[in-house]
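**Q** coords please:
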Amino acid sequence: MLIFEFKAHGKKQQFNAVDEAIRTVQFIRNKALRFWMDNEKVNKFDLNKYSAVLAKEFPFCDELNSMARQSSAERAWSAISRFYDNCRKKILGKKGFPQFQKNNRSVEYKTSGWKLTSDRKYITFTDKQGIGKLKLKGTRDLHFYQPTQIKRVRLVKRADGYYVQFCIQVDRSEVVEVTGNAIGLDVGLKEFYTDSNGVVVENPRFLRKGERGLRKAQRRVSKRVKGSENRGKARVILGKRHLKISRQRKDFAVKLARCVIQSNDCVAYEDLRIKNMVKNHCLAKSINDASWYMFRIWMEYFGKVFGRITIAVTASGTSQECSSCGTIVKKSLSTRTHVCQCGCVLDRDHNAARNILSRGLSTVGHTGTWGKTINACGELTATLVGVILPEQVDSMNQESSVALALRVSINEPRRRKEREGKRQEERKKLIISSPVISEILHPFQSAFY
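**A** Residues are numbered from 1 along each chain as shown. All right, here's what the predicted structure looks like:
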């Protein structure tokens, strides 16, 4: 599934109609949630039927397209199903009981209620909301795809305007040359990541750099009277500042993840629990600013697109363990250099990246699973080291040629040593079994025995 986004251009009356459609979606979603709370044994189809009942009861709901009403009810069901899943899994803490929505920003159409022009530069919404014809501006070309491949059309409101998103049903896959490289990544706050080869990528710190402008914009909002037009304008400026920072993070993560995946056949990284890490209030802002999880998501996506192997490694002990001899060397977070008795002296992150790579290579070859949600490896979850693989995922793929080549390259030195050892043993047996040598060694053997 591909998502193409275009900036929408239109008149003020059209965007007012978009705002009215967004409010209607929020109303239907909240009413569907209330219907679920007040009744027992309500499923997804009951909520879809209830959206038709709302259309007969409220005239403004009838103005919205029928499939858009159904997608609004599906939003409520997605929150309900997530709550049910958390209860079945018995996760610790809050289970995420569905809440009423207060600030919706999008309306979603399915296969009806909209129509593209022949040149794919304009879109017309044909329901009774009165949105009409909007001009599309963007770098993507919709001519490569048939209108039947477009399964969803979403109108999104942001701080800098309105956007139209097209969800296109297509399998994206690209063929690239095999590099034969395997790499381990250790993410951090000082540097964004350090790989197993010692290459360091600096942390951009977009939030820290833009904090001064955010403070100024926030003070401007606080000084304005609530409900005034000037406060609304100040809020728009503040929203644009936050939007710029979020776009910078995404652009950095996408470009870096694509570069890492294209340059290596196997990438091992840490399986971090960001939700638990941000509980440290001293580092929470810096951890969120680094956006490690976004980088991981894009690496897994590009791994699926380019057919690369991505492995999530348990992060515990990677910084304390020596990558040369395996000895545990205790060190605090302020100690940035790893020094071991075996003579290994490395940067702390470089040592951790080498340990991550060695752990990740033990699971190479287990790629490919088709299930409810597929990550970049094609697995239901990222491959975890130390877990019995048949119990964790149900893989259907054969071992890839890249994985086979990596396995051969890893095991070849060990096999070569074994063969050389067998040859030396055979030579010793031949020498000792020789009659001439046995006569020479006989006096010495009798002296010892």
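
**Q** Quick check: beta-bridge partners of Tyr109?
**A** Tyr109 has these beta-bridge partners by DSSP bridges: Val153.

**Q** Next up, the contacts around it.
**A** Counting by CB atoms under 8 Å, 6 or more residues apart in numbering, Tyr109 makes contact with Asn65, Met67, Ala68, Ser71, Phe125, Arg152, Val153, Arg154, Leu155. Backbone N, C-alpha and C define where each C-beta goes, glycine included.

**Q** Val200 too?
**A** Glu191, Tyr193, Thr194, Asp349.

**Q** same check, this time on Val18
**A** If you count contacts by CB under 8 Å, 6+ apart, then Val18 has Val107, Gln129, Ile131, Leu155, Lys157, Tyr162 around it.

**Q** and which of the residues you listed is nearest to Asn230?
**A** Lys157 (20.8 Å; CB to CB).

**Q** what bridges to the closest one?
**A** Tyr162.

**Q** so who does it touch?
**A** Counting by CB under 8 Å, 6+ apart, Lys157 makes contact with Val18, Asp19, Ile22, Arg105, Ser106.

**Q** So for it, what's the pLDDT?
**A** Lys157 is assigned 94 on the pLDDT scale.

**Q** Tell me how far it lies from Ala76.
**A** In this view, Lys157 and Ala76 are 20 Å apart by CB to CB, to the nearest Å.

**Q** And Gly421, by the same measure?
**A** From Gly421 to Ala76 the distance is 68 Å (CB to CB).

**Q** Which one's more surrounded, these two?
**A** Ala76 (25 against 10; other CB atoms under 10 Å).

**Q** got the contact list for the helix or strand harbouring Lys275?
**A** Per DSSP states H and E, Lys275 falls inside helix 274-277. The contact list for helix 274-277 (CB under 8 Å, 6+ apart) reads Leu283, Ile287, Trp292, Tyr293.

**Q** Please work out which residues outside whichever helix or strand comes after it touch it.
**A** Counting by DSSP H and E, the next helix or strand C-terminal to helix 274-277 is helix 284-290. Contact with helix 284-290 is made by 187, 189, 192, 203, 205-208, 249, 274, 277-278, 280, as judged by CB under 8 Å, 6+ apart.

**Q** mind redoing it with 10 Å?
**A** With contacts defined as CB atoms under 10 Å, 6 or more residues apart in numbering, helix 284-290 is touched by 187-190, 192-193, 203-211, 245, 249, 253, 272, 274, 277-280, 283, 293.

**Q** can you map out the strands along the stretch 1-150 of the chain?
**A** In the stretch 1-150 of the chain, the strands defined using DSSP state E, counting those that start in this stretch lie at 2-9, 106-109, 114-116, 122-125, 132-137, 150-158.

**Q** Include distance to Thr335 when you put those into JSON lines, please.
**A** JSON lines is the format used below for these (distance: least, CB to CB, whole Å):
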{"stretch": "strand 2-9", "distance to Thr335": "44"}
{"stretch": "strand 106-109", "distance to Thr335": "47"}
{"stretch": "strand 114-116", "distance to Thr335": "59"}
{"stretch": "strand 122-125", "distance to Thr335": "58"}
{"stretch": "strand 132-137", "distance to Thr335": "52"}
{"stretch": "strand 150-158", "distance to Thr335": "44"}
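
**Q** Out of those, which is the most enclosed?
**A** Compared across the strands of the stretch 1-150 of the chain, strand 106-109 shows the largest average neighbour count, a mean of 22 (mean count of other CB atoms under 10 Å).

**Q** centre of the chain versus that one, how much separation?
**A** Taking CA atoms, centre = their mean, to the nearest Å, one finds strand 106-109 lying 24 Å from the centre of the chain it belongs to.

**Q** what mean pLDDT does it have?
**A** The model assigns strand 106-109 a mean pLDDT of 93.

**Q** Can I get it as CSV, trimmed to CA atoms?
**A** The C-alpha trace of strand 106-109 is given here as CSV (Å, rounded to 0.1, in the frame of the first residue of the first chain):
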residue,chain,number,x,y,z
SER,A,106,-9.3,14.3,8.8
VAL,A,107,-12.2,12.8,6.8
GLU,A,108,-11.8,9.6,4.8
TYR,A,109,-13.6,8.5,1.7
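
**Q** How about the contacts made by Lys11?
**A** Ala17, Gly132, Lys133, Leu134.

**Q** What distance do you get for it to Lys121?
**A** Distance, Lys11 to Lys121, by CB to CB: 17 Å.

**Q** what do you get for Lys233?
**A** Applying CB to CB, the value for Lys233 to Lys121 is 31 Å.

**Q** With Thr310 instead?
**A** 38 Å.

**Q** who's more crowded, the two?
**A** Using other CB under 10 Å as the criterion, Thr310 and Lys121 rank with Thr310 on top: 28 against 13.

**Q** On the three-state scheme, the more buried one is what?
**A** strand (DSSP: H, G, I helix; E, B strand; the rest coil).

**Q** now do the one 5 residues further on
**A** Taking three-state DSSP as the rule, one finds Ala315 in the coil state.

**Q** is the closest residue to it other than its chain neighbours in a bridge, and if so with what?
**A** Computed as CB to CB, 6 or more residues apart in numbering, the closest residue to Ala315 that is not its neighbour in sequence is Glu270, at 4.0 Å. Beta bridges link Glu270 to Val313, judged by DSSP bridges.
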